[in-house]
Structure formats: structure tokens, C-alpha cells
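J.: 3D model of this:
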Amino acid sequence: MSSIGYSLVKLVLRLKGEKKSWSQDPIEYYKKRKQDIHTPNTKLLLGSTFETKEVCNSKVTNIVPKNTNTDFLLLYCHGGAFVYGPTRENWIAIAKIAKQTHSHAWMVDYPKAPENTIKIITENIYQVYLEAIKAYDPSKIILIGDSVGGNLIMTLTQRLLKEESKLPNRLIAITPMMDASLTNPKIKEIDLIDPILSVKGVKSAKKMCAGQSSLKDQIISPVYGDFDNFPPIHLFTATNDICSPDQEVLIDKIKEAQGKIEVIKGKGMPHIWPILPILSEAKIAIKKIVSIINSAINNE
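T.: Purely as a prediction, here's the structure:
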């Protein structure tokens, strides 16, 4: 049974017209951008200090919690359908995780569609990773991403494998968008119960981002790419999320490739539930993410 917090979240989502906004084609991305916070403050980062730098065409914010004592880096790609973000929820989530693991974290504020295509966006993520490995051992970098951020950490890893580059320690993917084409037949049924996303608007945003690429090109749909020799993946899924059927395909592909995957299922939960406010389920999920990172740090 879901919490009282989730009942409140659903009510707020309904009052905000969230599902309705994701049911439009074309998606009104400029309205979504009203939530954007490109420069945080220390209050938003729960007392952590920060510094920003430009890498390629991305704004990278280095979050430095007090009492940082690890040589690990949490490299975080936020969600927002490739068209907006980062939002308050993204900043608070990564600040909590960084603070509780005593680790540095980089928030990657990458270029957005429709002004930029997926080729430009993925190139930016790649360049940020190259910048990160100048300062950190790749084996001490943990990739974290929610929604399309989860997509971006998957496509980055696929590129690193192709180029025989050094891989990160692990991936933490929070309800990632794995297939931009949204053609999985199981999606239609979930669209009826998903309180946030709808196929129409999500697909519209992906078309804005694809440029000349097919929506089934692995550059925007990593589920069609290779998963051999992937680092361990910790996957947060949600039963009331249109992205979940394609995450099931990912799970099968990782198992076929004899890779390591841990699945944390949010029963009755919506898209990006681990970073939503006032959810007791989200607090438990953040604790789980912290324990995954601490386990990686302690095994070094």
C-alpha cells in the first residue's frame, strides 16, 4: 500500500495538470522550463558549497559537502525529457546523496532540445566524463541518472565500451527512459494509470531531440545497443510508469549478457519516485542509493 505522502503527491500532480501537460503534441517545453534552476544556492544544496565550470556546452556544478572524505565522484545527469531541467527535485536529491556519502558530485546541466539534438547532448555527456577522469580514477566514478538522465548514462557507457575507454564503477539508473520510440505494446495499458507521463507528450519531446536520427537509434534509445561487459547497474523501476516495459527489456538484455543488475521495484509508484518530495518511499529509495554508494566506497 502506498503512503499518505503519495496520495498528496498525486493530488498535487492532478491540480498542476501534470498528466495533461504530458498529453500534448507538441509538448510545451517552454512551460516546463519555468521549473529550471541552472544555478543553485547553498540552501538548496543543504549547506554544501559549490563551484561551476563550462565543459563543452554544458554547465557543470561541482557540489562539495562539508566533511567530504572520499575520492569518489558522483556524476549526475538529470531528467526532463531532454527539453528542460535541472529542477529543484534534481538538486535536492543529488545534494542529499552527496552529503550522506561524503562525496563530491557533479550536476551536468547539458544542452537541451529542440535547440540541440541528441548527438550534441550525448557528445556533451561524453566530454564531461573525459573531464571527470582527468581528476578522478574512472573506477571511483559512479554514474547516476533519472529519466532521460538514466538514458544518457547508458548511452555514455555504450560509447565508452565501443571506444575501449575506462569504465565507471557502476550505474544507478532511476526510472530511465530506454526506448524513445515508445512502441512496446505493454505501454498503452500503463499510460492509463501513470499519474505523470503520457506517450503523446513524451514522444513529442523525443522527436524534438532526435534530429535526423531514428527514434530506435541506440544514440537516443540505448535498449537497442550492446550491454556486454557493462559495469554493475542498480535500476529503480516503477509499476505506474510508462517507461517500465522498456526497463524490463533492459533487465532481460543485461541477464543475457551475464551482467550484474539489481532491480529496486517501486510497487504502485510513478516515474522518478525516488526523487519526488514528501514521499516516505522516496526517503527509503535515497537511503538505498546511499547504501549502494557507501558499499562501493568501502569495497575500494
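J.: next, the buried residues of stretch 225-236.
T.: Buried positions in stretch 225-236, judged by neighbour count with 16 or more other C-beta atoms under 10 Å: 225, 227, 230, 231, 232, 233, 234, 235, 236. To be clear about C-beta, it is placed using only N, CA and C from the backbone, and glycine gets the same treatment.
J.: in CSV: these, plus secondary structure, distance to residue 21 and pLDDT.
T.: Listed next are the buried residues of stretch 225-236 as CSV, based on DSSP: H, G, I helix; E, B strand; the rest coil; distance: C-beta to C-beta, whole Å; pLDDT from 0 to 100:
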residue, secondary structure, distance to residue 21, pLDDT
225, coil, 30, 97
227, coil, 33, 98
230, coil, 34, 98
231, coil, 35, 98
232, coil, 35, 98
233, strand, 30, 98
234, strand, 30, 98
235, strand, 26, 98
236, strand, 23, 98
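J.: from those, which is closest to residue 53?
T.: Set against residue 53, the nearest of those by C-beta to C-beta is residue 231 (25.7 Å).
J.: against residue 148, how distant is that closest one?
T.: According to C-beta to C-beta, to the nearest Å, residue 231 stands 20 Å off from residue 148.
J.: same question for residue 268.
T.: Residue 268 is 23 Å from residue 148, by C-beta to C-beta.
J.: neighbour count: the two, which is higher?
T.: residue 148 (28 against 15; other C-beta atoms under 10 Å).
J.: identify the residues contacting that one.
T.: 77, 79, 80, 81, 82, 176, 177 (C-beta atoms under 8 Å, 6 or more residues apart in numbering).
J.: which one of those sits in the busiest neighbourhood?
T.: In those, the most neighbours by other C-beta under 10 Å go to residue 177, 33 neighbours.
J.: averaged pLDDT, whichever strand or helix holds residue 158. What do you get?
T.: Residue 158 belongs to helix 148-162 when assigned by DSSP states H and E. The average pLDDT within helix 148-162 is 98.
J.: repeat for stretch 167-186
T.: 98.
J.: is it correct that residue 74 falls within a strand?
T.: Yes - judged by DSSP: H, G, I helix; E, B strand; the rest coil, residue 74 forms part of a strand.
J.: from here on, count from 5
T.: Okay, residue one is now 5; in that scheme the one you just asked about reads as residue 78.
J.: which ones are touching residue 234?
T.: So residue 234 contacts 161, 165, 175, 258, 261, 263 (C-beta under 8 Å, 6+ apart).
J.: give me the phi and psi for it.
T.: Torsion angles at residue 234 (phi, psi; degrees, to the nearest 10) stand at phi -70, psi 150.
J.: measure it to residue 264 for me?
T.: On the measure of C-beta to C-beta, residue 234 and residue 264 end up 8 Å apart.
J.: between the two, what contacts are shared?
T.: Residues touching both residue 234 and residue 264 (C-beta under 8 Å, 6+ apart) are residue 258.
J.: ranges for the helices of the stretch 55-204 of the chain?
T.: 92-105, 122-139, 152-166, 191-195, 203-214 (DSSP state H, counting those that start in this stretch).
J.: what about residue 193, distance to residue 117?
T.: From residue 193 over to residue 117 (counting by C-beta to C-beta), the distance is 28 Å.
J.: which of the two has more neighbours?
T.: Taking other C-beta under 10 Å, residue 193 and residue 117 do not tie; residue 117 has more neighbours (22 against 11).
J.: got the contact list for the closest residue to residue 35 other than its chain neighbours?
T.: Closest residue in space to residue 35, ignoring its immediate chain neighbours: residue 25 at 7.0 Å, by C-beta to C-beta, 6 or more residues apart in numbering. Neighbouring residues of residue 25 by C-beta under 8 Å, 6+ apart: 31, 32, 35, 36, 205.
J.: what's near enough to touch the residue in the chain sticking out farthest from the centre?
T.: Farthest-out residue of the chain from its mean C-alpha position, per C-alpha atoms, centre = their mean: residue 71, at 26.2 Å. Counting by C-beta under 8 Å, 6+ apart, residue 71 touches residue 106.
J.: what lines up beside the longest strand anywhere in the chain in the sheet?
T.: The longest strand of the chain (DSSP state E) is strand 265-274. As defined by DSSP bridges, the strand partners of strand 265-274 come to strand 237-244 (parallel).
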